[in-house]
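> could you work out the structure for the sequence below:
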Amino acid sequence: MSNETARQAGGIPAIHSREDVNTVLLTDRAWPDDRVEREVLESAGFRLVAGPPEPADTATIDALVAANQPTAILTCWAPVSANAIGSSDALRVVARMGVGLDNIEAAEATRRGVWVTNVPDYCVEEVSDHAVGLVLTWTRGVVATDREVRAGRWNPASARLRRLSTLTCGVVGYGRIGRRTVEKLRALGARVVTSRPSSLEELLATSDVVILHAPLTEATRHLIGARELALMPPGSLLVNVSRGGLVDTDALAASLHAGHLGGAGLDVLESEPAVPAQLLEHPGVVITPHIAFSSDASLIELRRSAAEEVVRVLRGETPRHPCNRPYTNRIGVF
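Predicted structure coming up:
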């Protein structure tokens, strides 16, 4: 696609010419500015082009890539499609500013000799804290009773609270974050069991709390559906701080409203940022807006680490956290 075609199709002007092989495109961001990324990249001699702060749709990102012909793409949540990857002959790396890769067509990047990287270890403390926080919010009734008080009802006799140390917590996904969550729960006295996504049934049937730390792939999409929810004990809690697509939202809402599931702590939704009304209406549901990864410290680590990966690749070095093995090594020094 030519620059003129891209402009007509997506309304995206070329900020730099096709010949500028030093362009790095930042597709979106979950923070107020691009200061950290710009500092790292410009000090290395590269030029940063910033797209819209909010994640744009596929067509908009495709047009941005075609118009600017970047050598690297930094992306937070915006989709980086096969078309986008194929439309820049100069592209050498797509760097995910986060852990999961479900917004990047990694197979196409691999086929075209483009590195895909992520930042796997920046938010271990934050996400595990968030998971434990959602569990404690449920066991101690923090949000539910706060809502009651704000509505003018002071009724401590109505509280239905749990002692964490008497509960079994099942953690699905035992990577860096899952292991840290297990450590924190055990320190609070809970009994903890773990499972790979491929061996769930026993964990679901024996856990008062189920926490999801699994990646989203085609194999794990709707990992938790009606059948899996039915296996969980009556009155139990589901916590998802990983990816919304792991849970079948309709099945979750049905289980909650039928009174089988006792509650849900959700930092992610498959429909985000849209929040289904049936979840908002349920008193046992606590929802946060995909912020489990976030803290003042973690965001600086994330942004700097992702930008530094781009610098490594464009200088001809191997990335520190590669997520693929490109078929053709196209890395060169620019």
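> how many neighbours does Val119 have?
Counted by other Cβ atoms under 10 Å, the residues lying close to Val119 total 23. (Each C-beta comes from the backbone N, C-alpha and C, glycine too.)
> same question, the one 5 residues further on
Here the count is done by other Cβ under 10 Å, and Val124 has 19 residues near it.
> same check, this time on Ser295
16.
> not counting sequence-adjacent ones, nearest residue to it?
Excluding its sequence neighbours, the residue lying closest to Ser295 (Cβ to Cβ, 6 or more residues apart in numbering) is Glu126, at 5.0 Å.
> can I get the helix or strand harbouring the one you found in CSV, CA atoms only?
According to DSSP states H and E, Glu126 maps onto helix 124-139. Extracted in CSV, the C-alpha atoms of helix 124-139 (Å, rounded to 0.1, in the frame of the first residue of the first chain):
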residue,chain,number,x,y,z
VAL,A,124,4.8,-9.6,39.1
GLU,A,125,4.3,-7.9,42.4
GLU,A,126,1.4,-5.7,41.2
VAL,A,127,-0.7,-8.4,39.5
SER,A,128,-0.2,-10.9,42.4
ASP,A,129,-1.1,-8.1,44.9
HIS,A,130,-4.2,-7.4,42.9
ALA,A,131,-5.3,-11.0,42.8
VAL,A,132,-4.8,-11.4,46.6
GLY,A,133,-6.6,-8.0,47.1
LEU,A,134,-9.6,-9.2,45.2
VAL,A,135,-9.7,-12.3,47.3
LEU,A,136,-9.5,-10.4,50.5
THR,A,137,-12.1,-7.9,49.3
TRP,A,138,-14.5,-10.9,48.9
THR,A,139,-13.7,-12.8,52.1
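> contacts for the helix or strand just after that helix next, please.
The helix or strand immediately downstream of helix 124-139 is helix 142-150, counting by DSSP H and E. By Cβ atoms under 8 Å, 6 or more residues apart in numbering, the surrounding residues in contact with helix 142-150 are Leu136, Thr137, Trp154, Asn155, Ser158, Ala159, Pro283, Gly284, Val286.
> so Lys184 touches Val135, yeah?
No: using Cβ atoms under 8 Å, Lys184 is not in contact with Val135, being 9.6 Å away.
> more neighbours: which of those two?
Taking other Cβ under 10 Å, Lys184 and Val135 do not tie; Val135 has more neighbours (26 against 18).
> and Val286, helix, strand or coil?
strand (DSSP: H, G, I helix; E, B strand; the rest coil).
> for the residue nearest to Ser295, what are its contacts?
Neighbours of Glu126 in contact, by Cβ under 8 Å, 6+ apart: Ala292, Phe293, Ser294, Ser295, Ser298.
> could you check how far Arg92 is from Gly113?
Note on Arg92: its distance to Gly113, by Cβ to Cβ, to the nearest Å, is 8 Å.
> hmm, I typed the wrong one, I wanted Pro322.
13 Å.
> how many residues are close by Arg162?
A count of nearby residues for Arg162, using other Cβ under 10 Å, gives 17.
> and Cys76, by the same measure?
Residues lying near Cys76 (other Cβ under 10 Å) number 20.
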